[in-house]
Every structure is written in C-alpha cells, then in structure tokens.
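# got a structure for you, letters missing:
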C-alpha cells in the first residue's frame, strides 16, 4: 500500500508526514481523511533522508497492514466475545442473578485487558519498527 505524503517534521531517522487525500478516500468514511477531509499525520521511517517540505511516497506492506488491523480490531473483539461467554458460564455457579450485566462486564474487562496487552507489546522497538510506514522515494 503506497500513498503520497508531504514531510512536515524530521526527527533523526524518522519523519512525520502528512498524507495527501487520494481518490480512494473519496467514497470512504473510515477515518477523518475521508469523512471530514482532514489531513492524516503519521511517523514514517526515513532511510532516504527526505527533508521538510518534500513530497514523498510512503509504503506499508499489505501483510503488515492486515496483521495490524487484525491485532487492533480482531483480538479485542474476540476477547469481548470470550468474556461474555465466560461470564455466562461463571454466573450460574456463583449464583449471580443478573447474568447478562455480569457477562457484559466480564466481556468488557477482557477486552480492556486485551487493549492493555496490545499496548504493552506494541511499545517494544522491534514491533514498532515492523508496523511503521517507510518512505520509499521522493517525488
């Protein structure tokens, strides 16, 4: 997946880039770029030494993008569903009369734990490098 962007800030071997709105954004309402026309700023690895103001092309591999999406959305959803099921199973032996609210809170608790776990593991340097876009060329 490649997008055009403008370098707005440099920090050692990384650059903050502002992604230009592409034609693919026109029909999409998935983020503030497509929905409100706002610009999207992200940090990208800068192995080619792009300078502030230059237009560049950034890349994030399809596999990396899909695995990041699965981690960010799939893991918490799965944790929530498992938590709700676990809540139903545990509520009966514990003699809890409000089974549904109890199950909901167990599901939300497991989902929160999954978010914290994801946050913990993504703070490691090697993981952060893998899921960071990379500037591939100047335009």
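Structure received. From a predicted model like this one, the values you see are computed outputs, not experimental measurements.
# by mean pLDDT, which helix or strand of this structure comes out lowest?
Least confident element among the helices and strands of the chain, by mean pLDDT, DSSP states H and E: helix 32-36 (a mean of 60).
# neighbours of the closest residue to residue 11 other than its chain neighbours, just the number please.
Leaving aside its sequence neighbours, residue 11 sits nearest to residue 43 (C-beta to C-beta, 6 or more residues apart in numbering; 7.9 Å). Glycine gets a C-beta too; all of them are placed from N, C-alpha and C. Using other C-beta atoms under 10 Å, residue 43 has 14 neighbouring residues.
# which residues does residue 18 contact?
Residue 18 makes contacts with 5, 6, 8, 39, 40, 41, as judged by C-beta atoms under 8 Å, 6 or more residues apart in numbering.
# swap that for residue 137, sorry
By C-beta under 8 Å, 6+ apart, the residues touching residue 137 are 48, 56, 57.
# surely it forms part of a strand?
Yes. According to DSSP: H, G, I helix; E, B strand; the rest coil, residue 137 belongs to a strand.
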